[in-house]
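1. pasting the structure only:
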């Protein structure tokens, strides 16, 4: 199966409880990373890889996602009237990015269930899944390479990242066999959030997948796993074993820059890293950061730390 992939699925139905109260009324995917919402980076990545048909899996109170990628005539007219072409271009950038579609997940039954909700839209062809918590630096190639490997091997492809072994319990972990390419491995098993002692490797699954459509049939019969949710990892485990029926699962090891916006501390780090590399911000931000860091020491500020 080597059909050229054209569709991307972005699950975005989570409640974002780690960012409360900011996400009480605003989707976590709309939290700004410098001056764009996190979700826009993900859609831009899909489009840059040639995937212009984007399906977003949403939930209640996620209308802001649809609004962001839709026209806003009043604002456009105001900017046009003012002759502010620069801001008008920024507003229209998200509107013109991709052919956007939306479907509600309904019951919050896990990532596997969210992917399953894409079945009617995707049909019987391979597709990509991009999780909104992971931002891949536009200067580093990942999704394009995964699409190439899927076309070459006719298998499902997942993105892998080497992590500190002590952190592997936060991820799905891959058991692998090497191939003739040092950046591509064949996956023989997957374990969702294993204990450190039980992890088959320190290769963690991160939020990029290129899947064959057989995954839908498997997800239909996959029982709830950890957290009483339908785990995509469980379906991938079955596909990894059933090589003859599903083409197997391969992993592309990513060695570039990844920004995790799903954790508060990592979200702040992502903003600083991306802003420091921006042409319009880095020149002023970098020396300020250097001076600010030089003022930090082990002593707490007067009155202690903020809550």
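-> Received, thanks. Predicted, not measured: the structure shown is a model, and the values here were computed from it. Numbers count the residues shown, from 1 in each chain.

2. Now for residue 47: which residues touch it?
-> 54, 97, 98 (Cβ atoms under 8 Å, 6 or more residues apart in numbering). Every C-beta, even on glycine, is put in place using the N, C-alpha and C of the backbone.

3. Just those residues: which are in strands?
-> residue 54 (DSSP state E).

4. Now list the buried members of the contacts of residue 47.
-> Among these, those scoring as buried are 54, 97, 98 (criterion: 16 or more other Cβ atoms under 10 Å).

5. how much space between the residue most central in space within the chain and residue 260?
-> Central residue of the chain (Cα atoms, centre = their mean): residue 131, 2.6 Å from the mean position. Applying Cβ to Cβ, to the nearest Å, the value for residue 131 to residue 260 is 10 Å.

6. got it, and residue 65?
-> Applying Cβ to Cβ to residue 65 and residue 260 gives a distance of 20 Å.

7. got the contact list for the nearest residue to residue 120 once chain neighbours are set aside?
-> In space, and not counting its chain neighbours, residue 120 is closest to residue 103: 7.9 Å by Cβ to Cβ, 6 or more residues apart in numbering. By Cβ under 8 Å, 6+ apart, the residues touching residue 103 are 55, 56, 57, 58, 117, 118, 120, 121.

8. Residue 103: what secondary structure?
-> strand (DSSP: H, G, I helix; E, B strand; the rest coil).

9. What residues are bridge-paired with it?
-> Beta-bridge pairing of residue 103 under DSSP bridges involves residue 57.

10. on that earlier part again, relative to residue 237, which of the contacts of residue 103 is nearest.
-> Lowest distance from residue 237 to those (Cβ to Cβ) belongs to residue 118, with 19.9 Å.

11. I figured residue 173 hits residue 196, correct?
-> No: assessed by Cβ atoms under 8 Å, residue 173 is found out of contact with residue 196, at 9.7 Å.

12. More neighbours: which of the two?
-> Each of residue 173 and residue 196 has its neighbours counted (other Cβ atoms under 10 Å); residue 173 has more, 27 against 12.

13. what comes up buried for the helix or strand of the chain with the lowest mean pLDDT?
-> Ranking every helix and strand in the chain by mean pLDDT, DSSP states H and E puts helix 243-246 at the bottom, with a mean of 82. Using 16+ other Cβ under 10 Å as the test for burial, helix 243-246 gives residue 246.

14. Tell me which other helices or strands it touches.
-> Packing partners of helix 243-246 (3 or more Cβ pairs under 8 Å, 6 or more residues apart in numbering; DSSP states H and E): helix 214-221.

15. Can you point out the buried residues in the helix it packs on?
-> Going by 16+ other Cβ under 10 Å, helix 214-221 has these buried residues: 214, 215, 216, 218, 219.

16. Apart from its neighbours in sequence, what residue is nearest the fourth one?
-> Looking back up the chat, that one is residue 218. Of all residues beyond its chain neighbours, the one nearest residue 218 is residue 235 (4.4 Å), with distances taken as Cβ to Cβ, 6+ apart.
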